[in-house]
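Novice: Need a 3D model of the following:
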Amino acid sequence: MATKVLVFESDNAFATELRSELGKLGCATTIVDDGNVGLQAAATERPDLILLSIELPRMNGFSVCNKLKKDPTLREVPLIIMSSESSEETFEQHKKLRTRAEDYVHKPIAFGELMRHIQPFVPLTGGDAGEGEGGIVVDDEVQIDDSVAMSRPPAGISGAPRALSNHPSHPSLRAVDAEVDAFAESAFGRLTGSDPPAPPVQPTSARPSVKPPPSVHPAPMDAYATEEPPLARPQSARPVSAPIPESARRDSGSLAAARSAELEHAAERESAKSAELAREVERLRRDNERLSGDLDSMSRSVESAGRGAQEAEDNVGRLQRELEELRGKLATAGKSGGVSAREFLELRENLNRKDKEILQLKETVSRRDKELIESRDRTLGLERTKQEGDDKILAVERQLADVREKNEALAADREQAKKITEETRAKVQKLHGELEGKSREIDELRARHAEEIARSEATLADIKNEMGESWAKRLDDAREEHRRELDLAKEEHGKALEQATLQKQREAERVQRDHEAALREETQRGARERERAVAEREAELSEQYATELASRQQEHQDELAAVRAEHARQLDQASTTRQADLQAAERAAGDRLAVRERELERQHTVAIAAITVTKDQELAQKDQALADAIREKDAMLVAVERDRDERIASVQSERDQQIARLERERAEQIQAIERDRDTLVAALEQDRESTVAAVEAEKNRHIAALEAERDQKVAAAERDRDEKVAAAIAERDQRVGAVERERDQRVADLERIRTTELAEAGRQLEERLASQKAEHEGAMASLQASHGAMVEELESDRDERLLRMTRETDELRATATSGQQRIASLETEVARTTDAFATLAIQKREADTQNAARITALESELAAAAQRQGDVDRELLGARERIATLENDLGDVKTELDALKRRLSFETGRANRAFAKWEEDRVSLDRAKDALAMVLAQIEDAEARSID
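Specialist: Alright, predicted model coming up:
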């Protein structure tokens with residue numbers, strides 16, 4: 001199955017190249033230039049790999065990455081971010097987020113290099129595809145990089161102004177999608193809005209490493225002197241700078257010490273707060289562990305209660321089966337009528353015992369149900385308490401993480417302050433030493449000047465006494481010495497200017513040499529790639545020709561073999577059918593074979609010639625196509641070289657223009673720094689206050705709304721639960737009353753049935769006795785009529801039999817009466833027992849059904865209430881997390897604002913120091929000029945004086 005690749009790319013040329021090269025590897029590539037369309041495509045058909053370009057027209061690529069990584073079905077898809085404008089710091093900050101990508105690359109990038117980033121996530125065959133045109137791509141890349149590098153101003157000239165610029169250089173990144181969440185916007189809206197990287201915005205789970213930004217490092221203090229000295233002056237006539245007051249040194253040292261002490265106090269306060277939070281976390285964890293133990297014990301008790309209830313249910317079922325067996329025995333005994341009194345009493349005892357056991361088991365089941373409900377209530381309470389403890393632990397851990405981050409930031413600030421203090425002290429000491437040296441030079445100059453004045457006065461005094469020629473000679477010597485000193489100063493100034501100009505020329509020549517070397521290397525690489533492509537194409541054509549020729553020869557051999565086989569078969573048939581004409585047939589077959597072989601040889605020769613001609617023509621066409629391709633490559637290479645030369649010329653001219661422009665803009669930017677600083681500080685302060693107020697108001701409003709919603713849901717759930725419990729209890733009471741009324745009605749019906757059956761049984765017994773008596777009397781009459789003779793003899797026997805039959809009749813009557821009484825009592829007991837058992841069974845079934853329904857309803861209500869409570873808790877937790885995220889964002893904004901303030905302060909200090917140094921140099925130069933003017937004036941006065 002083809003690998004599905006989804007590419008977010010607005011550059012049509014690069015997208016076409018990706019589609020072509022990935023298609024060669026068997027990938028199904030989908031190209032989109034809109035973020036929303038790409039998200040819909042990814043949701044419709046899940047890709048195996050996503051290549052995401054940050055520079056999209058209508059949605060920022062970081063927003064697309066955030067949405068893709070928040071989608072449960074797409075978060076596991078490998079995602080590679082590509083960008084031509086984002087810096088490495090932006091990538092490093094995005095890697096710290098939970099919605100980070102798997103890899104990050106800078107554009108322009110060759111396909112082979114991109115394949116090395118793709119292979120660890122989606123293994124594709126032919127990883128070196130796309131190398132054939134790599135030379136041209138790399139050449140373009142080098143030219144673009146060189147042009148960017150040549151157009152970039154020197155760090156010492158434009159570093160400070162660019163660091164404070166508010167104008168974004170990438171307009172396409174300002175339109176951040178409105179649907180992206182606040183975190184991604186706050187994290188990357190400022191990062192991609194301008195060239196200089198902002199301080200890192202850290203997520204809640206990552207600890208920021210507070211480092212000074214690269215453009216705020218105090219190292220390039222002398223960049224102004226090395227790149228563009230304000231005013232070069234000769235070493236021998238170096239002016240004396242104004243002395244730095246001792247109060248300024250004390251103020252700078254005291255400010256650094258106060259800043260260091262403030263940082264130390266803040267670090268101590270944060271450490272104490274961190275320790276207190278750590279103790280609170282430990283206490284909450286102990287409470288959480290205790291609640292977990294209680295919850296486990298309650299769970300075990302609930303499980304044991306459930307097992308006991310199950311055992312009770314099993315016992316009830318067993319007793320019901322035994323009751324059914326006893327009923328069967330009673331029914332069998334009632335039908336047979338041969339049950340003894342002992343067995344009947346045993347059955348009664350068993351029934352009573354079973355009734356007691358059933359009642360006990362019902363009580364046990366009720367008690368277990370009650371214990372189970374209470375245990376579940378306690379379990380829910382413990383779970384709620386445990387969840388609250390977990391929430392407290394999470395909140396305290398967040399506070400602890402914030403405190404630790406603040407501690408780390410304070411420690412980094414303290415280390416930075418210490419470093420700045422040490423550097424300031426070293427600079428103060430160095431300046432103090434320079435001040436002492438300057439003071440000594442001033443003293444020496446003053447002494448030398450005093451000596452020169454004294455010598456001049458002595459010379460003038462001597463001149464008055466000596467001849468005019470010696471005076472004129474001395475005056476000429478003094479003028480000559482003054483001119484030599486002026487020439488020496490001018491020469492040293494010119495040397496300094498020449499040295500600075502030569503250094504700039506050497507730097508430009510070095511950049512040009514590097515560019516030319518890179519171009520030569522890329523040209524050679526393109527030639528090698530072209531030669532390798534030609535060789536590979538020739539080898540491919542040769543191999544194809546040899547393969548096709550071998551296949552044609554094999555086909556010819558197969559055809560010959562088939563013809564020979566057909567000939568052999570025909571020979572066999574001819575030998576079997578025409579044995580007599582064997583020799584003639586063999587000669588004819590030989591002739592035909594020879595003709596066929598000659599024909600096949602001729603066809604083979606013609607086919608070989610045709611194939612050779614065709615292959616020669618195809619080879620000529622391919623050679624012509626290859627030559628055309630080579631000519632196109634040469635023309636393309638010539639065009640690339642011409643474009644390269646034009647770019648070099650344009651870059652050089654642009655470089656000269658930018659150098660001139662930067663030299664003009666430098667003074668304007670120094671003046672604009674203070675205005676931008678004040679404006680930016682005021683705007684940031686106002687934005688910070690409004691953001692803090694809005695975040696606090698939103699947080700309080702959201703917390704109040706969530707708490708009110710939670711209370712309403714909990715109250716509604718409790719009311720719903722109480723109403724359902726009351727309804728279930730009322731329904732149970734109604735069902736119990738109905739069952740009791742039905743039981744009384746059934747008992748009355750059974751009593752009427754029993755009375756009717758007893759009356760019927762007595763009537764049947766009387767009828768049987770009357771029928772037996774009538775039969776007996778009939779028998780006696782017949783005996784008397786038929787056996788009159790025997791009456792006499794049988795009277796005695798008759799009397800005896802009559803007496804015996806009378807006694808037997810009395811006995812039968814007594815037996816029948818006792819049997820009827822016993823049957824009546826047994827039927828009564830059986831009916832009562834059956835009714836009782838039936839009533840109990842019905843009541844038990846109904847009670848079990850009601851209890852099961854009630855338990856099920858209560859469990860479902862409890863589960864629903866627990867689910868609602870869980871939803872409310874999750875919503876509350878989500879709200880707290882959002883509040884924590886907003887607070888973290890607020891802290892990040894504050895940290896960023898503080899860092900920006902420190903950066904502004906540092907850059908302002910640098911600018912002020914540079915401006916002060918420039919002012920001091922200018923003042924010193926003016927003083928030197930004034931001193932020279934005074935000396936010249938004194939010399940001219942001395943010359944103008946007369947000898948007298």
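
Novice: State the distance from D645 to V651.
Specialist: 11 Å (C-beta to C-beta, to the nearest Å). C-beta: built from backbone N, CA, C; applies to glycine.

Novice: Helix or strand next in line after the host helix or strand of E718, which one?
Specialist: Assigned by DSSP states H and E, E718 falls within helix 582-786. Downstream of helix 582-786, the next assigned helix or strand under DSSP H and E is helix 791-944.

Novice: how far does that following helix sit from the chain's center?
Specialist: In terms of C-alpha atoms, centre = their mean, to the nearest Å, the centre of helix 791-944 is found 27 Å from the chain centre.

Novice: Equivalent analysis for stretch 709-728, please.
Specialist: On C-alpha atoms, centre = their mean, the centre of stretch 709-728 falls 39 Å from the chain's centre.

Novice: for stretch 39-54, same thing?
Specialist: The answer for stretch 39-54 is 16 Å, by C-alpha atoms, centre = their mean.

Novice: Which one's more surrounded, D645 and V651?
Specialist: Taking other C-beta atoms under 10 Å, D645 and V651 do not tie; V651 has more neighbours (21 against 11).

Novice: hmm, back to that, what is the helix holding E718 packed up against?
Specialist: helix 134-151, helix 155-163, helix 468-577, helix 791-944 (3 or more C-beta pairs under 8 Å, 6 or more residues apart in numbering; DSSP states H and E).

Novice: 10 Å instead?
Specialist: helix 134-151, helix 155-163, helix 223-227, helix 468-577, helix 791-944 (3 or more C-beta pairs under 10 Å, 6 or more residues apart in numbering; DSSP states H and E).

Novice: For L277, find the nearest of those helices.
Specialist: When the helices and strands packed on helix 582-786 are compared by C-beta to C-beta, helix 791-944 sits nearest L277, at 14.4 Å.

Novice: what's that closest one packed up against?
Specialist: By 3+ C-beta pairs under 10 Å, 6+ apart, helix 791-944 packs against helix 155-163, helix 182-188, helix 223-227, helix 246-336, helix 341-465, helix 468-577, helix 582-786.

Novice: quick one: low-confidence ranges for the stretch 201-350 of the chain?
Specialist: 201-267, 302, 305-306, 309, 330-340 (pLDDT under 70).

Novice: try the stretch 1-150 of the chain
Specialist: 1, 125-150.

Novice: 50 instead?
Specialist: For the stretch 1-150 of the chain, residues meeting the criterion pLDDT under 50 lie at 127-150.

Novice: Going by residue numbers, what spans are strands in it?
Specialist: For the stretch 1-150 of the chain, applying DSSP state E, counting those that start in this stretch gives strands covering 3-8, 27-32, 49-53, 79-83, 103-106.

Novice: Show me the one of the ones you listed that comes nearest S304.
Specialist: strand 79-83 (51.0 Å).

Novice: export the helices and strands packed on helix 582-786 to TSV and tack on distance to Q399 and mean neighbour count?
Specialist: Shown next, in TSV, are those (distance: least, C-beta to C-beta, whole Å; neighbours: other C-beta atoms under 10 Å):
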stretch	distance to Q399	mean neighbour count
helix 134-151	45	17
helix 155-163	34	19
helix 223-227	43	17
helix 468-577	53	13
helix 791-944	9	15
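
Novice: okay, those in TSV with distance to N60 next?
Specialist: Listed next are the helices and strands packed on helix 582-786 as TSV, based on distance: least, C-beta to C-beta, whole Å:
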stretch	distance to N60
helix 134-151	23
helix 155-163	23
helix 223-227	35
helix 468-577	33
helix 791-944	17
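
Novice: Figure out which of the ones you listed is closest to K418.
Specialist: The nearest among these, by C-beta to C-beta, is helix 791-944 at 14.8 Å.

Novice: Could you pull up the mean pLDDT of that closest one?
Specialist: Mean pLDDT, computed over helix 791-944, is 79.

Novice: Which residue, other than its chain neighbours, is closest to the spatially most central residue of the chain?
Specialist: Closest residue to the average C-alpha location of the chain: T99 at 2.9 Å, with C-alpha atoms, centre = their mean. Excluding its sequence neighbours, the residue lying closest to T99 (C-beta to C-beta, 6 or more residues apart in numbering) is K69, at 3.8 Å.

Novice: K713 contacts Q867, doesn't it?
Specialist: No: the criterion here is C-beta atoms under 10 Å, and K713 misses it with Q867 at 11.0 Å.

Novice: quick one: L826 and F344 touch, right?
Specialist: Yes: the pair L826 / F344 is scored as a contact, 6.6 Å apart, by C-beta under 10 Å.

Novice: For the nearest residue to V692 once chain neighbours are set aside, which residues are in contact?
Specialist: Once flanking residues are discounted, V692 sits nearest to L890: 6.3 Å by C-beta to C-beta, 6+ apart. If you count contacts by C-beta atoms under 10 Å, 6 or more residues apart in numbering, L890 has them with 186, 688, 691-692, 694-696, 699.

Novice: out of these, which are buried?
Specialist: 186, 688, 691, 695, 699 (16 or more other C-beta atoms under 10 Å).

Novice: D643 versus the third one, what's the distance?
Specialist: It refers to T691. 49 Å.

Novice: repeat for the fourth one
Specialist: Applying C-beta to C-beta, the value for V695 to D643 is 53 Å.

Novice: among the strands of the stretch 1-150 of the chain, which is nearest A312?
Specialist: strand 79-83 (58.4 Å).

Novice: Just give the strands next to that closest one in its sheet, each with its orientation.
Specialist: Pairing partners of strand 79-83, with direction, according to DSSP bridges: strand 49-53 (parallel), strand 103-106 (parallel).

Novice: ranking those strands by burial, who's on top?
Specialist: strand 49-53 (a mean of 23; mean count of other C-beta atoms under 10 Å).

Novice: relative to strand 3-8, how tilted is that strand?
Specialist: Between strand 49-53 and strand 3-8, the angle comes out at 10 degrees (axes from the mean of the first three to the mean of the last three C-alpha atoms, to 10 degrees).

Novice: Of all the helices and strands packed on helix 791-944, which one is nearest A928?
Specialist: That would be helix 468-577 among the helices and strands packed on helix 791-944, by C-beta to C-beta, at 9.1 Å.

Novice: for that closest one, packing partners?
Specialist: helix 134-151, helix 223-227, helix 341-465, helix 582-786, helix 791-944.

Novice: How about L904, nearest residue that isn't a chain neighbour?
Specialist: R677 (5.2 Å).

Novice: Does the one you found touch F906 like I think?
Specialist: No: counting by C-beta under 10 Å, R677 does not reach F906; the two are 11.1 Å apart.

Novice: Next one: R532 relative to E646, how far apart?
Specialist: In terms of C-beta to C-beta, R532 sits 29 Å off from E646.

Novice: cool, and E21?
Specialist: 29 Å.

Novice: The two - which one has more neighbours?
Specialist: E21 (20 against 10).

Novice: re the thing from before, tell me which of the helices and strands packed on helix 468-577 sits nearest to M115.
Specialist: helix 134-151 (11.4 Å).

Novice: coming back round to it: so what's the residue count around the residue nearest to L904?
Specialist: 17.

Novice: check contacts around it.
Specialist: With C-beta under 10 Å, 6+ apart, R677 has these contacts: 164, 901, 904-905, 907-908, 911.

Novice: Relative to L541, which of the residues you listed is nearest.
Specialist: The closest of the contacts of R677, once distances to L541 are taken by C-beta to C-beta, is L164, at 63.4 Å.

Novice: A275 touches V403, doesn't it?
Specialist: Yes: using C-beta under 10 Å, A275 makes contact with V403 at a distance of 9.3 Å.

Novice: Tell me which of those two has more neighbours.
Specialist: Here A275 and V403 are compared on neighbour count by other C-beta under 10 Å; more neighbours surround V403, at 20 against 12.

Novice: how near is the more buried one to E775?
Specialist: 117 Å.

Novice: now swap in Q544 and tell me
Specialist: Per C-beta to C-beta, Q544 is found 129 Å from E775.
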